[in-house]
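In: here is a sequence with its predicted model. Questions after.
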Amino acid sequence: MMECPVKPIEIKEGNVVLVEGYDDKRFLDSLIKYLGLSGIQTIALGGASNLRPHLDVLKISPEFHKVGTLTMILDSDSDPAGTLQSACAHLSNTGLAVPKKLRSFAPGHPRTCVYLMPRDNMQGMIEDLCLESVAGEPEMVCVDSYFACLKAKGHSYPRNESKAKVQVFLASKEKVLQFGPASEAGYWPWDCTAFKDLRDFLSQVSTGSIP
């Protein structure tokens with residue numbers, strides 16, 4: 001994926017969180033709103049490949065000195081260690097502090113952190129976390145049966161099973177919405193234990209009680 005030009009970024013809060021996509025931003029903003037948190041600004045990269053140019057643009061922003069923490073919330077995909085290594089390399093090449101491990105804030109100004117979805121050292125993405133949160137819902141029995149049927153009958157199969165399962169789950173609702181709007185509509189059970197680590201992390205960032 002080619003990097004896209006990055007427009008100047010207006011910094012509005014002291015805690016900046018970079019996420020891969022615009023649906024990811026709507027998901028995170030919805031959770032932040034549900035938790036009643038403040039002081040966090042989420043910025044969509046438009047794709048993981050755009051992390052470096054966004055860091056470059058952020059660093060030259062006139063308001064960058066106001067940023068106390070800078071967090072990257074990224075999908076692990078198939079290589080959590082590689083994703084962390086890549087993010088840290090971008091931070092280092094931009095002249096920013098580099099965290100020693102996941103969810104650990106590196107000292108500096110700003111303090112920097114990398115948080116991987118669905119959770120530390122686990123392959124996957126934000127959709128996997130959402131599927132975990134609704135695993136006990138009756139609709140998921142039908143969703144799983146549908147994908148099992150596709151495999152059994154040798155039909156073409158989605159390249160990204162997690163994204164496809166989320167779409168089919170959302171299609172089971174009376175009002176069918178895409179991932180971002182579904183997050184804003186409260187389709188994910190924010191109080192579920194699947195989201196506990198993310199809830200706790202965002203609360204720490206908002207209140208400044210970071211390790």
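Out: That came through, no problem.

In: residues in contact with the residue nearest to the spatial centre of the chain?
Out: The structure's the chain has its C-alpha centroid closest to residue 73; by CA atoms, centre = their mean the separation is 4.6 Å. Residues in contact with residue 73 (CB atoms under 8 Å, 6 or more residues apart in numbering) are 17-19, 24, 28, 115-117. Yep, even glycine has a C-beta here, placed from its N, CA and C like the rest.

In: quick check: pLDDT value at the residue of the chain positioned farthest from its centre.
Out: Here the chain reaches farthest from its C-alpha mean at residue 153, the gap being 34.2 Å by CA atoms, centre = their mean. Residue 153 carries a pLDDT value of 94.

In: phi, psi for it please.
Out: phi -90, psi 0 (degrees, to the nearest 10).

In: repeat that for the one 10 residues further on.
Out: Summarising the backbone geometry of residue 163 under the convention degrees, to the nearest 10, its torsions are phi -60, psi -40.

In: next, count neighbours for the closest residue to it other than its chain neighbours.
Out: Counting by CB to CB, 6 or more residues apart in numbering, residue 163 lies nearest to residue 127, which is 5.3 Å off, once chain neighbours are set aside. Each residue near residue 127 was counted by other CB atoms under 10 Å, and the total is 24.

In: next, give phi and psi for residue 127.
Out: Dihedral angles (degrees, to the nearest 10) for residue 127: phi -60, psi -30.

In: returning to that earlier point: need the buried ones from the contacts of residue 73 selected in PyMOL.
Out: Applied in PyMOL, the following selects the buried portion of the contacts of residue 73 according to 16 or more other CB atoms under 10 Å:
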select buried, resi 17+18+19+24+28+115+116+117
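
In: would you map the strands across the chain?
Out: In the chain, strands defined by DSSP state E lie at 15-19, 40-44, 69-75, 111-117, listed in chain order.

In: and the gap between residue 60 and residue 54?
Out: Taking CB to CB, to the nearest Å as the measure, residue 60 falls 11 Å from residue 54.

In: if you count what's nearby, which of those two comes out ahead?
Out: Under the neighbour definition other CB under 10 Å, residue 60 and residue 54 were set side by side, and residue 54 has more, 22 against 9.

In: can you verify my assumption that residue 52 contacts residue 90?
Out: Yes - contact criterion CB atoms under 8 Å: residue 52 and residue 90 qualify, at 4.7 Å.
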